[in-house]
Every structure is written in C-alpha cells, then in structure tokens.
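Visitor: Fold the following.
(4 chains)
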2 protein chains.
Amino acid sequence: MCADTTDFAQALRDAGLRATQQRTVLLSILMESVDHPNADELYARAKTIDDSVSLATVYRTLSALEEAGLIRRLNFENEPARFEITPVAEHDHLVDIDSGEVIELSSDEITRLRQELVEGMGYEILSQHTLIRARKKPG
Amino acid sequence: MCADTTDFAQALRDAGLRATQQRTVLLSILMESVDHPNADELYARAKTIDDSVSLATVYRTLSALEEAGLIRRLNFENEPARFEITPVAEHDHLVDIDSGEVIELSSDEITRLRQELVEGMGYEILSQHTLIRARKKPG
DNA sequence: TTGACTATTGCGAATGCGTTGCATTTACAT
DNA sequence: ATGTAAATGCAACGCATTCGCAATAGTCAA
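Guide: Residues are numbered from 1 along each chain as shown, chains lettered A, B, ... in the order given. Model (predicted):
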C-alpha cells in the first residue's frame, strides 16, 4: 500500500473538495511543475490535456486549492500571480531581474528570527514571504 | 541654514525631475503621510490642495518618483499598491489581517543575514521586502 | 524677460488580470 | 438509478493601471 500514489482525485477529496476533471488536471499540472506558473500558463498547459477547461475555472480552481491549503499564491511585483504546491519547508523567492528566473531560498534561520520578533510584539504569524530582486554579480 | 527646509520642488529637481505643481503637491503629501496611502487615496488628498490633478497624473507621478528613488511601491496582497517615502533604514511590513493596520518592522539583523546568504550565491540584492500577515494574540 | 523646445498634463478610452451571473452539467450520497 | 448541490463554460463585468492625443507649462538659452 503506497500512500504516495499520485491519486490527485483522492487528494482533492481528502482536502474537502469535489474531485472534478478540471481540478484533477490542474492539480496534476501543478504537482509536476518545477517552475512557478501563472493562471494563463496553467490554462495553456491544462488545455493540452483537456481542451474544454475555461480560464474562469482555472481561476476558481486556483482559489479553491489555495483556500484548501494545497497550493500557495505568490504575489510578485507588476506581474500576474504565480502558484506553487504548498511547500513542506518554508521558503522565500529571489527573482533574477535580468533573466526573470525565480529561485527558491530556504530560510529556516531567518524565518525563525522573524517569528520571534513578531511574537514578541504580541502577534501570531499567519504567513510570511520575502521577495528579493537581485542581479547576478559579474565574475 | 537648515538644509532640511521642505523645498519639495528643489528635491524633485535634485532627483532629475521637472518640478511641476502636481508633483510637488504629491511629494509633499507623501512626505507628511504617516500611513501608506494608495493611488486613490493620494488622488483624493491631492485634490483638496489642487483640484485639477487627474488620477492619470497621480499614477504617472508615482512611477516617476519611484524610478527616481524618492518613494517605494509596496505590493501587498489583493489590494492596490501603496506608497511610502523611501525609508532611510530598511524595514518590512506586518499587516494585521483583522484591522488592516500596517506596521513597519525594522529588521537590520535579518536584512544583513539575508544579504550574506544571497551574496554567497553570487547575486547582489537590488531590493528585498518581507510581508507578514499576522493576527494579534489573545491576552 | 522673452521665446522656443520638450516634458508633462487632463481627458477619456483602452488594457490586463481577475471575478461573477446564469443556465447547464457533473460529482456523489441515497 | 436519481436528486441535489456544487462546479462549469461563457460572456459580461469590475477594478487598478496605462495610453493616445491635443493642450499646457517647466526650463534653458539668448
């Protein structure tokens, strides 16, 4: 009994969502994406599998998956939102402003430091995300 | 001789921008704002001083001031961009998701840690910003 | 000062990302 | 199988922001 079978439909039901064809397709695409696609890109990829999906459903599904905690919405600057499967370990993002490449930064120590700071102020953190814009150093 | 006279027009020229009436008004409003207004709010405040300003000019001015480095654009989640005078000391923002209040977090130590991490990867940081969503702890 | 040159403005229309109303379809419990 | 609520596709909409264009206003040189 392998618990990690890629049974996307079951994953949806486990999260309390109805396992529709469209949601299953979108979840599977997100699962195998190594980049951080936006809604339009997901729409394009989904249509190659099931060309009946609509953009409205892509947006509605992304909101549903986010609310269920299955995915995370990334709000970068001056561009449409991107999405990733909810990471097991917290991480931040660095955007290479020349290439547009998005790099994930693990940041255990920094996350913990910030948590202590904010909790000392009487708050509990719901989410935290750092966005770094950077450029490759010459040499 | 006080170098800090609030000569907004001169500040604009020093930054390489033409000192128009509209830009001067907007810069002065931002200078005396303690909150983090968005374009609409700035438009409303500006109209009480010079009711001829248009929303388009507010947006164009904000882009110009940002590009000149005089102000910083804050991209929060699911809301229009907010703006603040470029801070002398780096800081991040905590949004109280119940009240909507925005709290500035100074973060010298964390900023420095992150800088070391990223530079070790061969990048130079152009900007970094952390957004924390949090809720006041009971008690 | 005056003029001339160009950046900036106001207006309204256009864009882009995302959401919504509604009639139809579909998942899933009975 | 069947009923019912939830999800879908489509097209219309909403909001934040940008753009084209003719008119205006800074700035700089004379």
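Visitor: Would you mind writing the CA trace of stretch A:108-122 as CSV?
Guide: Taking Å, rounded to 0.1, in the frame of the first residue of the first chain, the C-alpha atoms of stretch A:108-122 are listed here in CSV:
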residue,chain,number,x,y,z
ASP,A,108,14.9,28.4,8.3
GLU,A,109,17.1,30.6,10.4
ILE,A,110,15.6,33.9,9.1
THR,A,111,12.1,32.6,9.4
ARG,A,112,12.7,31.7,13.0
LEU,A,113,14.3,35.0,13.8
ARG,A,114,11.3,36.9,12.4
GLN,A,115,8.9,34.7,14.2
GLU,A,116,10.5,35.5,17.5
LEU,A,117,10.4,39.2,16.7
VAL,A,118,6.8,39.3,15.7
GLU,A,119,5.6,37.0,18.6
GLY,A,120,7.4,39.3,21.0
MET,A,121,5.1,42.1,19.7
GLY,A,122,2.1,40.0,20.6
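Visitor: how about stretch A:71-87 against chain B, any contact?
Guide: Yes: remark: stretch A:71-87 sits within contact range of chain B at A:73, A:75-78, by C-beta under 8 Å from any C-beta of the partner chain. Glycine gets a C-beta too; all of them are placed from N, C-alpha and C.
Visitor: Need the contact partners of that stretch.
Guide: Residues external to stretch A:71-87 that are found in contact with it (C-beta atoms under 8 Å, 6 or more residues apart in numbering or on different chains): A:30-31, A:33, A:36-40, A:42, A:62, A:65-66, A:69-70, A:93, A:95, A:102, A:104, A:129, A:131, A:133, B:73, B:75-78.
Visitor: Check which residues of that stretch are buried.
Guide: Across stretch A:71-87, burial judged by 16 or more other C-beta atoms under 10 Å in any protein chain shown covers A:71-72, A:74, A:76, A:81-84.
Visitor: Domain map for chain A?
Guide: A:8-85, A:91-134 (automatic domain parsing).
Visitor: Which SSE is immediately downstream of the helix or strand of chain A with the lowest mean pLDDT?
Guide: Lowest on mean pLDDT, DSSP states H and E among the helices and strands of chain A sits helix A:108-120, with a mean of 90. Heading C-terminal from helix A:108-120, the first helix or strand you meet, by DSSP states H and E, is strand A:123-136.
Visitor: What residues of that following strand count as buried?
Guide: Neighbour-count burial for strand A:123-136, counted by 16+ other C-beta under 10 Å, picks out A:123, A:125, A:128-134.
Visitor: for chain B, what are the nearby residues on chain A?
Guide: Counting by C-beta under 8 Å from any C-beta, chain A comes close to chain B at A:73, A:75-78, A:92, A:94, A:96-97, A:103, A:105, A:107, A:109-110, A:113-114, A:117-119, A:121-137.
Visitor: Please name the bridge partners of the residue nearest the centre of chain A.
Guide: Chain A has A:Glu84 as the residue nearest its centroid, 1.9 Å off, counting by C-alpha atoms, centre = their mean. Each beta-bridge partner of A:Glu84 is listed here: A:Arg72, as defined by DSSP bridges.
Visitor: Run a quick neighbour tally on A:Thr57.
Guide: A:Thr57: 18 surrounding residues under other C-beta atoms under 10 Å in any protein chain shown.
Visitor: How about whichever strand or helix holds A:Glu41 and DNA strand D, touching?
Guide: Assigned by DSSP H and E, A:Glu41 belongs to helix A:39-47. No: applying C-beta under 7 Å from any atom of the strand, one finds helix A:39-47 separated from DNA strand D by no less than 8.8 Å.
Visitor: What is the helix or strand that A:Val95 is a member of packed up against?
Guide: In the assignment (DSSP H and E), A:Val95 maps to strand A:91-96. Packing partners of strand A:91-96 (3 or more C-beta pairs under 8 Å, 6 or more residues apart in numbering or on different chains; DSSP states H and E): strand A:102-106, strand A:123-136, strand B:123-136.
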